[in-house]
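A.B. asks: Everything below, folded, please.
(chains A, B, C, D, E and F)
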Amino acid sequence: MRYALAVYGGPYSQQASHSALRFADALLARGHQLTTVFFYHDGVYNAANMMAPPQDEPHLRDRWLSLAENHATRLQVCVAAGLRRGMLDEREAARHGKQGHTLEAPFELTGLGQLVEATLDNDHLITFA
Amino acid sequence: MRYALAVYGGPYSQQASHSALRFADALLARGHQLTTVFFYHDGVYNAANMMAPPQDEPHLRDRWLSLAENHATRLQVCVAAGLRRGMLDEREAARHGKQGHTLEAPFELTGLGQLVEATLDNDHLITFA
Amino acid sequence: MSDVMTAPLAGDDAGMAAGDLLVMLRHGPHGSSWLREGLEAAMVAAAFGREVGLLFTGDGVMALLEGQQVGPLGQKGSDNLLAALEMYDVERCYVDAAALRARGLTAQDVTLLPVTLLEHDEVVALTTAFSRVLSF
Amino acid sequence: MSDVMTAPLAGDDAGMAAGDLLVMLRHGPHGSSWLREGLEAAMVAAAFGREVGLLFTGDGVMALLEGQQVGPLGQKGSDNLLAALEMYDVERCYVDAAALRARGLTAQDVTLLPVTLLEHDEVVALTTAFSRVLSF
Amino acid sequence: MNLHLLNRSPFSSRIHDDVLNAMGPEDQLLLIEDGVNGALDNAEQHLAGLEGRLFALREDLESRGLLGRCAENVIVVDVDGFVALTEAADKTVSWF
Amino acid sequence: MNLHLLNRSPFSSRIHDDVLNAMGPEDQLLLIEDGVNGALDNAEQHLAGLEGRLFALREDLESRGLLGRCAENVIVVDVDGFVALTEAADKTVSWF
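C.D. replies: Residues are numbered from 1 along each chain as shown, chains lettered A, B, ... in the order given. Down below sits the predicted model:
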């Protein structure tokens, strides 16, 4: 079956990211497909490219990256929720006159329409908040 | 009297930042001093220098900046909470091999000891979470 | 206001038209961004041509009280978004009657939108009738 | 385990030694970072030579159950921090007896730390006896 | 005398029992943010025994359309009054 | 049949009433994260009427030291079983 996940919880603050990553591993192990993870609310901070957790804690962004690399899962970040919280890719940073950027591929800034599509065009959408 | 504030809530997710800023204005208007605002938990995201809210919403980081400029309030961000969430100044970014930075003066990365000092060395500490 | 629902329901979707996406709103205005973020998701889904329903439950029922204002820093509540719902063709708006009662409110208090009050069996029928549920 | 408190208390700080900072822990391990962040604040305060107290209340009492483990991604709970408390000279650890009872737990269940159980009047005396309270 | 600050709705949170358990007979409670839902009549059961010591923040009531819906025993203060309450207290304890 | 996911403790949140109100007679409830506190004996009052339909996630019970403390009516599943529950459901509804 085709799954999508929605992640609303901030990394290292709520367990949501950990739960979603664990669920992702389990659904893939059962032979399902994970097409999309959509990040909304404080979940957008999962994409932070400056994230620097202690060595003895899981690196959540790196865990998302390996999902994208190994299973072609799309990592979509709500642009409206991201911009106000400071999650900008190169293009948005330039557009807002900021140097540098905080979000990069395989994470992509997308509209909320992608959450609607992920919800309706997969067999299951599971939300972790 | 000397006041300090602790802010634990993330900007644009919880009302904590709005409440703290409003309280700051009111205590200053009553002739008190606001020595320190300490950001911890998701409060560290208040320092995000890429924050780009819509024009018709309050710009929370700019509001903190004017507190620091007009009232010499120190804006201290817990370094341990900040690093894992991707809030790095130039020095920490270099130390972690990252390009750019997400936090800059007047915000400063400090140890949790500054929260203890702010709590005990002011007449009042008020927490907004 | 509960006139849409007259036939007895038994936990199935009898009497409840099918829909694509039910957005459940559980938080009030101002305290957090959940309510606005949920309403925005509902509007986008409607703009994409999907059949959308809104269920106000928990503290989400507080969103429907009139007289709301911007906050002290000029931050918006949710009333401007509610006013835009009709423009986006989001017309199926429901309120959990139990949540309303728990807060001492009645149908007369929820005036910002035309809504249908639902009792337990009807809430169950609603969540059954929609293909997907997103909660905020 | 409630032997520290024997004299009757009437909402003042009779029988409760003064202290600098009371850290109130209201969340259990793993679900959020509140518990770890609160414990770290307490340790830092103790390392700075301040007289620190810990009050476990609400779901914070769950932090004291034995048998905790790392999470499925290797993420830590709070037991390693609790084990370090003594090293930091955080010796005044209290548990809200009402919170314990509400969860069906007893003094025998909270084994990770030597703690003193406090009833209502004693909790009030505790929050009075410390100069400042930080809650997490 | 301690001032307690509470920002959670009594209809969604169970924190109110813990707050009351920690409050001494002179302590005051100020409801802010979503906590002002506790100023509604139906919330009285969750905040009993605070006659004369239960406050709610005017700005947060107003922005939610609740100013005219407060129970009689709730004392409404604006943010200036909030600062005044902290001035008079030995310390402030936040609940969230 | 819908699967409901709940991640809040019944001792700190009042969300459980809303969850039960939205659950049909065949719906299932899975407790995850801090929601597994609802598997303790004393939480039964908050989750009544779910015989055979109340599940709790093993990994979250284990990491909290709660695996040996579950009420008898709670069915423990691991994360593989969690996926299986979603497979069998028409859809999943998250409560937080």
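
A.B. asks: use CA for all of it now, contacts and neighbours both
C.D. replies: Noted.

A.B. asks: Give me the contact list for the top helix by length along chain A.
C.D. replies: Across chain A, the longest stretch assigned as helix under DSSP state H is helix A:16-29. If you take CA atoms under 8 Å, 6 or more residues apart in numbering or on different chains as the criterion, helix A:16-29 is touched by A:5, A:7-11, A:33-34, A:43, A:46, A:60, A:63-64, A:128-129, D:72-73, F:33, F:79-80, F:82-83.

A.B. asks: Same check on stretch A:87-107?
C.D. replies: A:44-45, A:47-50, A:65, A:68, A:74-77, A:82, A:86, A:108-109, B:50-52, B:99-102.

A.B. asks: So for residue 32, what's the nearest residue that isn't a sequence neighbour?
C.D. replies: I'll assume chain A. Residue nearest to A:H32 in three dimensions, not counting chain neighbours: A:M1, with 5.1 Å by CA to CA, 6 or more residues apart in numbering or on different chains.

A.B. asks: think we crossed wires, I meant chain E
C.D. replies: Excluding the flanking residues, the one nearest E:I32 by CA to CA, 6+ apart is E:N7, at 5.0 Å.

A.B. asks: Do I have it right that the one you found meets E:D60?
C.D. replies: No: E:N7 lies out of contact with E:D60 (CA atoms under 8 Å); the separation is 10.3 Å.

A.B. asks: Those residues of chain E touching chain C, which are they?
C.D. replies: Residues of chain E lying near chain C by CA under 8 Å from any CA of the partner chain: E:9, E:11-12, E:33-34, E:40-43, E:59-60, E:62-66.

A.B. asks: give the contact list for the residue of chain C found nearest chain D.
C.D. replies: Minimum separation of chain C from chain D (CA to the nearest CA) falls at C:S32, amounting to 17.7 Å. Neighbour list for C:S32: B:12-15 [criterion: CA under 8 Å, 6+ apart].

A.B. asks: As a quick check, tell me the outermost residue of chain A.
C.D. replies: A:G97 (24.7 Å; CA atoms, centre = their mean).

A.B. asks: Give the buried residues for the helix or strand that contains A:D62.
C.D. replies: Per DSSP states H and E, A:D62 falls inside helix A:60-71. Residues A:60-61, A:64-65, A:67-68 are the ones in helix A:60-71 that count as buried (16 or more other CA atoms under 10 Å in any protein chain shown).

A.B. asks: Please, where are all the strands along the chain?
C.D. replies: Looking at chain A here, since you left the chain open. A:2-7, A:33-39, A:74-78, A:107-110, A:124-128 (DSSP state E).

A.B. asks: if you could check chain C rather than the one you did, that'd help
C.D. replies: In chain C, the segments counted as strands under DSSP E are C:19-25, C:52-56, C:92-96, C:116-118, C:130-135.

A.B. asks: Which residues are in contact with A:H71?
C.D. replies: A:33-34.

A.B. asks: Where does pLDDT dip in chain C?
C.D. replies: C:1-15 (pLDDT under 70).

A.B. asks: near chain A, which residues of it?
C.D. replies: Residues of chain C lying close to chain A (CA under 8 Å from any CA) are C:20-21, C:33-34, C:37, C:41, C:44-45, C:48, C:131-132, C:134.

A.B. asks: Quick check: the farthest pair among those?
C.D. replies: Greatest spatial distance among these (CA to CA): C:S33 and C:S131, at 25.2 Å.

A.B. asks: Name the residue in the two with the higher neighbour count.
C.D. replies: Just comparing C:S33 and C:S131: by other CA atoms under 10 Å in any protein chain shown the higher neighbour count belongs to C:S33, 22 against 16.

A.B. asks: What distance do you get for that one to chain F?
C.D. replies: As judged by CA to the nearest CA, to the nearest Å, C:S33 and chain F stand 14 Å apart.

A.B. asks: Surely that residue touches B:G9?
C.D. replies: No: using CA under 8 Å, C:S33 makes no contact with B:G9, being 11.8 Å away.

A.B. asks: Among the residues of chain E next to chain C, name the ones in helices.
C.D. replies: Those of these lying in helices (DSSP H): E:59-60, E:62-63.

A.B. asks: Which among the residues of chain C next to chain A count as buried?
C.D. replies: Neighbour-count burial (16+ other CA under 10 Å) applied to those gives C:20-21, C:33-34, C:37, C:41, C:44-45, C:131-132, C:134.

A.B. asks: Near chain D, which residues of chain A are found?
C.D. replies: For chain A, the contact set with chain D under CA under 8 Å from any CA comprises A:12-15, A:18, A:22, A:57-58.

A.B. asks: Make a markdown table from those and add neighbour count and pLDDT to it.
C.D. replies: Formatted as a markdown table, these follow (neighbours: other CA atoms under 10 Å in any protein chain shown; pLDDT from 0 to 100):
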| residue | neighbour count | pLDDT |
| --- | --- | --- |
| A:Y12 | 27 | 98 |
| A:S13 | 20 | 98 |
| A:Q14 | 21 | 98 |
| A:Q15 | 23 | 98 |
| A:H18 | 25 | 98 |
| A:R22 | 17 | 98 |
| A:E57 | 14 | 95 |
| A:P58 | 16 | 97 |
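
A.B. asks: could the residues you listed go into JSON lines alongside distance to E:I75?
C.D. replies: Formatted as JSON lines, the residues of chain A next to chain D follow (distance: CA to CA, whole Å):
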{"residue": "A:Y12", "distance to E:I75": "39"}
{"residue": "A:S13", "distance to E:I75": "35"}
{"residue": "A:Q14", "distance to E:I75": "35"}
{"residue": "A:Q15", "distance to E:I75": "38"}
{"residue": "A:H18", "distance to E:I75": "43"}
{"residue": "A:R22", "distance to E:I75": "48"}
{"residue": "A:E57", "distance to E:I75": "47"}
{"residue": "A:P58", "distance to E:I75": "48"}
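
A.B. asks: Show me which pair in these is furthest apart.
C.D. replies: Across those (CA to CA), the longest gap, 16.6 Å, separates A:S13 and A:R22.

A.B. asks: From the residues of chain A next to chain D, pick the one nearest F:G49.
C.D. replies: Distance to F:G49 across the residues of chain A next to chain D (CA to CA) is lowest for A:Q15, with 28.1 Å.

A.B. asks: The closest one and D:G31 touch, don't they?
C.D. replies: Yes: under the criterion of CA under 8 Å, A:Q15 makes contact with D:G31 at 5.0 Å.

A.B. asks: Where is the longest helix in chain C?
C.D. replies: Taking DSSP H as the assignment, the helix of chain C that covers the most residues is helix C:34-47.

A.B. asks: which strands and helices sit next to that one?
C.D. replies: helix A:113-120, strand C:19-25, strand C:52-56, helix C:79-84 (3 or more CA pairs under 8 Å, 6 or more residues apart in numbering or on different chains; DSSP states H and E).

A.B. asks: hang on, the earlier thing: so what's the residue nearest to E:I32 up against?
C.D. replies: Residues in contact with E:N7, defined by CA under 8 Å, 6+ apart, are E:31-36, E:95-96.

A.B. asks: Over to A:A47?
C.D. replies: A:A47 is in contact with A:61, A:77, A:87, A:102-104, A:107, counting by CA under 8 Å, 6+ apart.

A.B. asks: and the helix ranked longest in chain E with chain B, contact?
C.D. replies: When chain E is parsed with DSSP H, its longest helix is helix E:79-88. Yes: Helix E:79-88 lies within reach of chain B by CA under 8 Å from any CA, at E:79-80, E:82-83, E:86-87.

A.B. asks: In chain E, where is pLDDT below threshold?
C.D. replies: Ranges of chain E meeting pLDDT under 70: none found.
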